[in-house]
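Trainee: Here's my sequence, what's the structure:
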Amino acid sequence: VALHGSRDARRRPSDREIQVLGFVVDGATNSEVGAALGLSEKTVESHLRRLFDRYGLLSRTELAVLAIEEGWVAARRVKP
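Mentor: Below you'll find the model as predicted:
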């Protein structure tokens, strides 16, 4: 019997989590995400912690790459 870790279960994030992920992909800070979405910084941190735990990730970069690879958010190009 194969055990599947949380990373194997690609449950789609909630709509709010996807909004947060869009800002993470753009490189926004928790404070910037909160201001843009009308959330407290603690709420943004809570969303991110759940996503890290759910997908077995350790960094915002890993989370951004996963979000793009899974098609939850589009890759964006930062202008120089």
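
Trainee: Which positions in the helix ranked longest in the chain come out as buried?
Mentor: The single longest helix within the chain, with elements called by DSSP state H, is helix 41-55. For helix 41-55, a neighbour-count test (16 or more other Cβ atoms under 10 Å) marks 43-44, 47-48, 51, 55 as buried. Backbone N, C-alpha and C define where each C-beta goes, glycine included.

Trainee: Pull out the buried positions in the host helix or strand of Val24.
Mentor: For Val24, the element it lies in under DSSP states H and E is helix 15-25. The neighbour-count check on helix 15-25 (16+ other Cβ under 10 Å) flags 17, 19-25 as buried.

Trainee: Distance from that helix to the middle of the chain?
Mentor: 6 Å (Cα atoms, centre = their mean, to the nearest Å).

Trainee: After that helix, which helix or strand is next?
Mentor: Using DSSP H and E, the next helix or strand after helix 15-25 towards the C-terminus is helix 30-37.

Trainee: got a pLDDT number for Ala75?
Mentor: For Ala75, the model assigns a pLDDT of 84.

Trainee: hang on, isn't Val44 packed against Val20?
Mentor: Yes: with contact defined as Cβ atoms under 8 Å, Val44 counts as touching Val20 (6.2 Å).

Trainee: what do those two both touch?
Mentor: Both Val44 and Val20 are contacted by 33, 37, under the criterion Cβ atoms under 8 Å, 6 or more residues apart in numbering.

Trainee: Work out the gap between stretch 48-63 and the centre of the chain.
Mentor: Per Cα atoms, centre = their mean, the centroid offset for stretch 48-63 relative to its chain is 7 Å.

Trainee: try stretch 10-20
Mentor: For stretch 10-20, the distance to the chain centre is 7 Å (Cα atoms, centre = their mean).

Trainee: Of all residues in this protein, which one is nearest the centre?
Mentor: For the chain, the residue sitting closest to the mean C-alpha position, by Cα atoms, centre = their mean, is Leu21 at 3.6 Å.

Trainee: So for the residue lying closest to that residue once chain neighbours are set aside, what's the pLDDT?
Mentor: The spatially closest residue to Leu21, leaving aside those adjacent along the chain, is Ala67, at 4.4 Å (Cβ to Cβ, 6 or more residues apart in numbering). Listed pLDDT for Ala67 reads 95.
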